[in-house]
Each structure stands twice: as C-alpha cells, then as structure tokens.
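Colleague: Compute the structure for the input listed below.
(one chain, ligands or ions: 1)
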Amino acid sequence: MQVHHIGVQTADIDATLEWYSQFFNGGKENWALDSFSKLTLSRLPGISRLVEFQIEGVRFHFYDREGINQDRRVPGPEFQHCGLAVESAAELLRYRERWFELARSGRFKAPHWSDPSDVVFDEDGVGSLYVEDINGLEIELTYIPDDAAR
Ligand SMILES: [Fe+2]
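Modeller: Numbering: from 1, shown residues only. Here you go, the predicted structure:
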C-alpha cells in the first residue's frame, strides 16, 4: 500500500494553491471538480470545489467547505500532521527561510501565523522541520540519511 493523496480542507483554495506552489517551488494542478457525488456531499457538506495539486510524488486534494471554522485548534483526535521527506539536510533550512519569505511577503492571510520550528537533528542525523501552511495545518519536513536505519 502507499499513500495516494492528502486531503486539505480550506476556506480559500486559490490562496492555498498559491502558497503550496510558492513554498514547494513548483507543483501542478492535475484536475479539478465542481460537482460531487451524494456520498461526497454527505461527507463534506458545503463543498463546492476540489483541486488535485501534485508536488513531485505527493498529491494534495484541496477543497473548500462553506462556513468552515478557520480556528481549527480544537483538541480532539485527528490526523495531526503530514510528514514529507526531502533530499538533503540543506533543504530543511531552505524551506524554513522560504516560509519566512512568504509570511513576510504580505501576499498571504492566515488565521494564525506560528513560526516554524527550528531545524533539529537527532542522534541518527534525522532532521526535522515543522511548519504550518496558511490554513494552520502542520507539515513536517524530514531528512532521513541513507544510513539512519529508519
Ligand atoms: Fe511526524
């Protein structure tokens, strides 16, 4: 089995597309939908648009929900973050810098701006960086060296 896509519920698909394409420096829209099955409408009342956006091997499904509560910091079970592997430790530092560039650009609005974590490395040389997208969703970027036995 392998991961097929990550569903991202957002109040602003266009801003989310822009932020992801800027932050990850690329990506492409594969397809979009604006009519939905009964099942989707019952699972996700208020959905009106869905866009599949792919960054290298990772697909995101960005979709809107009418009346979404943007303050998602309510405790409870959830898929709390997604972890994406990058190719080098240096990339983690570049992503951290880019996060600040986008936050300072004034081009994006976010319900909360929480600074990224530091880039940290454990004793196996595994590096991690935690950032939030403009929806407040946490993305873990991780560098796992070949000899890290993970
Ligand atoms: Fe994690």
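Colleague: and the longest helix seen in the chain, what does it pack onto?
Modeller: Secondary structure of the chain per DSSP state H: the longest helix is helix 89-104. Under the contact definition 3 or more C-beta pairs under 8 Å, 6 or more residues apart in numbering; DSSP states H and E, helix 89-104 sits against helix 13-23, strand 127-132, strand 138-143. All C-beta atoms are positioned from the backbone trio N, CA, C, and that covers glycine.
Colleague: Now tabulate those in TSV and tack on distance to Asp64, mean neighbour count and mean pLDDT.
Modeller: Output for the helices and strands packed on helix 89-104, formatted as TSV (distance: least, C-beta to C-beta, whole Å; neighbours: other C-beta atoms under 10 Å; pLDDT from 0 to 100):
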stretch	distance to Asp64	mean neighbour count	mean pLDDT
helix 13-23	5	18	97
strand 127-132	19	20	98
strand 138-143	19	18	97
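Colleague: what's downstream of the longest helix of the chain, the next helix or strand?
Modeller: Toward the C-terminus, helix 89-104 is succeeded by strand 120-121 as the next helix or strand (DSSP states H and E).
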